[in-house]
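Engineer: Provided below for reference: sequence and predicted model.
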Amino acid sequence: MRTLLKAIYRALPFKRQVFTAWRAVLPAPRGLHHHLHFHGPFTVNVPGGARFRMMHHGLPLENDLFWSGLSGGYERVSLELWMKLCRDARVIMDVGANTGLYALLARALNPHAHIIAFEPVDRAHHRLVANIALNAFTIQVEKCAVSDHEGKAVMHDNAFDHAYTASLEARINPEGITARRYEVPMVSLDTFLEQHGVGPVDLMKIDVELHEPSVLRGFAKGMRAHPPALLIEVLRPDVAAELDALMQGSGYQFYQIDERGPVTRRDRIMASAGHGFNYLFCTPEQAARIGLKP
């Protein structure tokens, strides 16, 4: 019965038009959002008048953006910090870009930046490229994973249509969960930047499901020469401990992000006990520029 009801709902026409009109008149209660989804393009408005479009595939992230916008739900505080940092950045990287939210937002706010998005998973890469084309944006897309060396790597991917847990780390999937495994090309950022002649990176988002320490190990030369601001996911205590060992003494300040509350300066990197998993690593100068307390 449940499968039948879902099929009937999918077949209903004009959902996008009806929901768009509804949203313009009266916000829907948050508890209803996950029921009110559709397939098709929608517009994301950016503070200051910019905007971009995304395809809605009926997924939670897209649904949250449609109903709540950039400031209403999904990674609200992280997106606010990203917007502040990307406005004057010259080279921006989105490592683990998924369908492209952070890369699209960077391009909408900064049409002159060189933006590079890395996404090795087929289904996400396809939707990323489609979202970029929907906006006629210029974003360099690399269909490869990022790590601390070059070659091939095994991706561990569960069986859902668009799960967010595909990773080079086998430990991403709980015991008893069967993951698909397939090879993907892999690069380190230091080698990539040298081979492609890309200038110093000013801003980077890293969301690679437990593989973040390896990404930074492969970017050691670049971070020393020109430390970019890093928005980075820290999902678990073991990842936090690895990052802390890598980053202590680097000159970076660590800011833990609560997506429902404050941005807190930390002396050590630790897994979040609040709402959200992201940290901002930045220099004192970068922190001052966006109004963060030292």
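Structural biologist: Okay, I see it.
Engineer: show me where the stretch 1-150 of the chain has helices.
Structural biologist: Counting by DSSP state H, counting those that start in this stretch, the stretch 1-150 of the chain has helices at residues 2-11, 15-25, 60-68, 76-86, 101-109, 122-135.
Engineer: tell me the angle the longest one makes with helix 60-68.
Structural biologist: Spelled out, it's helix 122-135. Counting by axes from the mean of the first three to the mean of the last three C-alpha atoms, to 10 degrees, helix 122-135 lies at 30 degrees to helix 60-68.
Engineer: what of the second one?
Structural biologist: Taking the same axes, to 10 degrees, helix 15-25 and helix 60-68 form an angle of 40 degrees between their directions.
Engineer: picking up where we left off before, how about the helices of the stretch 1-150 of the chain in JSON lines, adding distance to residue 240?
Structural biologist: Glycine gets a C-beta too; all of them are placed from N, C-alpha and C. Below are these laid out as JSON lines (distance: least, C-beta to C-beta, whole Å):
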{"stretch": "helix 2-11", "distance to residue 240": "38"}
{"stretch": "helix 15-25", "distance to residue 240": "38"}
{"stretch": "helix 60-68", "distance to residue 240": "24"}
{"stretch": "helix 76-86", "distance to residue 240": "17"}
{"stretch": "helix 101-109", "distance to residue 240": "21"}
{"stretch": "helix 122-135", "distance to residue 240": "25"}
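Engineer: where does the stretch 151-294 of the chain have low pLDDT?
Structural biologist: 159-164, 175-177 (pLDDT under 70).
Engineer: tell me where it has helices.
Structural biologist: Along the stretch 151-294 of the chain, counting by DSSP H, counting those that start in this stretch, helices occupy 189-196, 212-217, 220-225, 237-247, 284-289.
Engineer: and this structure, what are its domains?
Structural biologist: Listed domain ranges for the chain are 1-46+56-66, 75-289 (source: automatic domain parsing).
Engineer: I'd like the average pLDDT over the first one.
Structural biologist: When pLDDT is averaged along domain 1-46+56-66, the result is 81.
Engineer: how about the helices of the stretch 1-150 of the chain, which one is nearest residue 34?
Structural biologist: For residue 34, the closest of these is helix 60-68, at 6.4 Å, according to C-beta to C-beta.
Engineer: which helices and strands sit right next to the closest one?
Structural biologist: Applying 3 or more C-beta pairs under 8 Å, 6 or more residues apart in numbering; DSSP states H and E, we find helix 60-68 packed against helix 15-25, strand 39-45, strand 51-57.
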